[in-house]
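# Predicted model and sequence below, questions to follow.
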Amino acid sequence: MPSLTLKSGVVFGYTDSGAVTGGDYTTLVIIHGHTFHSGTFQRLNPLAQPNSLRIISVNRREYPGSSPYSAQELTAFVEGTDAERASLLEQQGRDLAMFLDGLISGAVHTPNWWYCANRMVHGDFIQTLPTATQERLSSFVHTVVMLQSPSLALGIPIPSGWLIPHTDPNIAPESRGFAFAKWVSSYFIHGDLSSHDIDHLTYTNTDPSKSATIETLRPEDLFAMTDFAPAEKYDNIIGLPPFAGAVFKQTNKALFDPTVRAAWSQTRFWTVYGSAEPWTIIYGAWFLEDQSHEMNNPELAIEFKVIDGGNHFLVWEDPEKAINELKECFST
């Protein structure tokens, strides 16, 4: 696995479909979410060259090929003060922004970059980065996509009475990791999504005619795309109280602070999700869409796209459709 080492010593491992021959191409950088890392996106790679794409999937810290957190940092995730936790989030954002800048600085001429992430991890820190880094990110990153982002990854509070496997009292703690993997990769039958009414969503009503993606995987494929250890160390903690408030503050600043968005003046922002995803992903998108409409400010615009019938693992289930759906965002 190739890697990039920041000046701070932090290392990020990543996979790379390779440069495209025969002219200009677009680079798509993907940052994964909870448990399922860069291996999840490898079925996209054979489609990269035919679509004039270079696909780079980076592993966040604690995931394969990337630096672990120090004992002090892990303790702060679990029991740190609000200030310590906010500092961790800020450092995550800066590190990933510097990783992206390192890729751009070291690349052959690629005039267009797309950035897909499960969470808004670095957008609000652009103004704190070195001037040259700010200029490169603003100039080269054409589109930022919050791809299938759960409300927890955005810090949006869970509504009263709603559950996820990690908070479900009917699931034993030792079983929650696998329960989450099955739940997040299932196909859900929701009600009228145009309503933006949470009562039209479901926690448990899955499509009996479609298996959860995790149940269709060969053991070697599952092993190549998952790491359950970081969940217990920090990933389970980030989206839940009391950490959620700091995450939401980061998300809100990245998307709706005029000075931050002005620094991304050349960049378009999208939220993309599937209609058969877990409720928390759809609810998070609704929350942002409602907030965006309330702002009613073209300079803070976010565009929204629903992939009909898509579950959380569209990139694995139907990689060609995933590429085509994303390309529609970037070409619109």
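Done, it's in.
# Give me the number of neighbouring residues for the closest residue in space to Pro278 that isn't next to it in sequence.
Once its chain neighbours are removed from consideration, Pro278 has its nearest residue in Val184; the separation is 5.8 Å (CB to CB, 6 or more residues apart in numbering). Any C-beta I mention is one placed from the backbone N, CA and C, and that applies to glycine too. Residue crowding around Val184 was assessed by other CB atoms under 10 Å; the count is 25.
# Pull up the gap between Val184 and Arg136, please.
Separation of Val184 from Arg136 (CB to CB, to the nearest Å): 34 Å.
# returning to what we had before: test my guess that the residue nearest to Pro278 contacts Ala276.
No - checked against CB atoms under 8 Å, the pair Val184 and Ala276 is beyond contact range at 11.7 Å.
# re the thing from before, separation between the residue nearest to Pro278 and Gly23?
As judged by CB to CB, Val184 and Gly23 stand 38 Å apart.
# Pro208 too?
Pro208 sits 47 Å away from Gly23, going by CB to CB.
# Equivalent analysis for Ser209, please.
Where Gly23 is concerned, Ser209 sits at a distance of 43 Å (CB to CB).
# now Ser70
44 Å.
# more neighbours, these two?
Shown here are Ser70 and Gly23; by other CB under 10 Å, Ser70 has more neighbours (9 against 6).
# Heading C-terminal from the host helix or strand of Ser57, find the next helix or strand.
Using DSSP states H and E, Ser57 sits within strand 53-58. Per DSSP H and E, the first helix or strand lying C-terminal to strand 53-58 is helix 71-79.
# Pull out the buried residues from that following helix.
Applying a neighbour-count criterion of 16 or more other CB atoms under 10 Å, one finds 73-74, 76-77 buried in helix 71-79.
# Helices of the stretch 101-250 of the chain, start to end?
Along the stretch 101-250 of the chain, counting by DSSP state H, counting those that start in this stretch, helices occupy 131-140, 151-154, 176-184, 213-216, 219-225, 229-230, 236-238, 244-256.
# which residues are contacting the first one?
Under the contact criterion CB atoms under 8 Å, 6 or more residues apart in numbering, helix 131-140 has outside partners 97-98, 100-101, 104-105, 110-113, 126-127, 129, 263-267.
# Could you export that helix as PDB, CA atoms only?
Listed next in PDB are the C-alpha coordinates belonging to helix 131-140 (Å, rounded to 0.1, in the frame of the first residue of the first chain):
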ATOM      1  CA  THR A 131      -1.400  30.100   2.400                       C
ATOM      2  CA  ALA A 132       0.000  28.000  -0.400                       C
ATOM      3  CA  THR A 133      -2.100  25.000   0.800                       C
ATOM      4  CA  GLN A 134      -5.200  27.100   0.900                       C
ATOM      5  CA  GLU A 135      -4.700  28.400  -2.600                       C
ATOM      6  CA  ARG A 136      -4.000  24.900  -4.000                       C
ATOM      7  CA  LEU A 137      -7.100  23.300  -2.300                       C
ATOM      8  CA  SER A 138      -9.300  26.200  -3.400                       C
ATOM      9  CA  SER A 139      -8.000  26.100  -7.000                       C
ATOM     10  CA  PHE A 140      -7.800  22.400  -7.600                       C
END
